[in-house]
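# need a 3D model of the sequence below.
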Amino acid sequence: MSTGAGAATADLTARGRDYPTIRQFTVFLENRVGELMGVVRRFEGSNVRIVALTISDSTECALVRFLLSDPEAGREILERAGLAIVESDLIGVELPMVAQPMLQVCTALLTAEVNITQVYPLLVRPNGRPAVALMVDNIEHGIETLASKGFHMINEDELQSFDPMT
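Numbering: from 1, shown residues only. As a prediction, the model looks like this:
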């Protein structure tokens, strides 16, 4: 650990961030039968679980977006498979127990002028509550805004420690 001028960075994560984000991996696939199965099967026999998934397709290709329980091990698996991947930071946020939870999330971010560019549900509930993954145009401001409104952000440690069998 360094001291002096760089000492202020001691609390940053290995990724250089001191705020909770979750990593999304976007994989480019040919739009053919069985391509998704081939990627999903790569995680078989590992401790990496798919905790969220969305697909955007066109005639020739598909963009498959994954959130994984162990991003480091998941990246290794995807890279060993020779897949073209893009890594992005998203906000994982638990939804409040109200009639229209997404309305509260959207309202908080709109008030702060933070644009949502992607949203999809998590397949797991690390704390027993529904949650979504959000890609926004200003992640730092989005996290600060949601935190100030009392929302709980889900971090990668929560996704990794979640055991669906308990």
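
# so V51 sits in a helix?
No - using DSSP: H, G, I helix; E, B strand; the rest coil, the secondary structure at V51 is strand, not a helix.

# would you mind measuring from F28 to V119?
21 Å (C-beta to C-beta, to the nearest Å). Every C-beta, even on glycine, is put in place using the N, C-alpha and C of the backbone.

# same question for P130.
From P130 to V119 the distance is 13 Å (C-beta to C-beta).

# low-scoring stretches of the chain, by residue?
Filtered on pLDDT under 70, the chain yields the residue ranges 1-19, 162-166.

# please enumerate the helices of it.
Using DSSP state H, the helices of the chain run over residues 35-41, 71-80, 101-111, 139-148, 156-161.

# relative to V51, which of those helices is closest?
helix 156-161 (5.3 Å; C-beta to C-beta).

# contacts for the closest one, please.
Outside helix 156-161, the residues within contact range by C-beta atoms under 8 Å, 6 or more residues apart in numbering are 20-23, 51, 67-71, 92, 124, 126-127.

# got it, and stretch 76-87?
Stretch 76-87 has contacts (C-beta under 8 Å, 6+ apart) with 23-29, 39, 42-43, 46, 48, 75.

# spatially central residue in the chain, please.
For the chain, the residue nearest the mean C-alpha position is I22 (3.8 Å; C-alpha atoms, centre = their mean).
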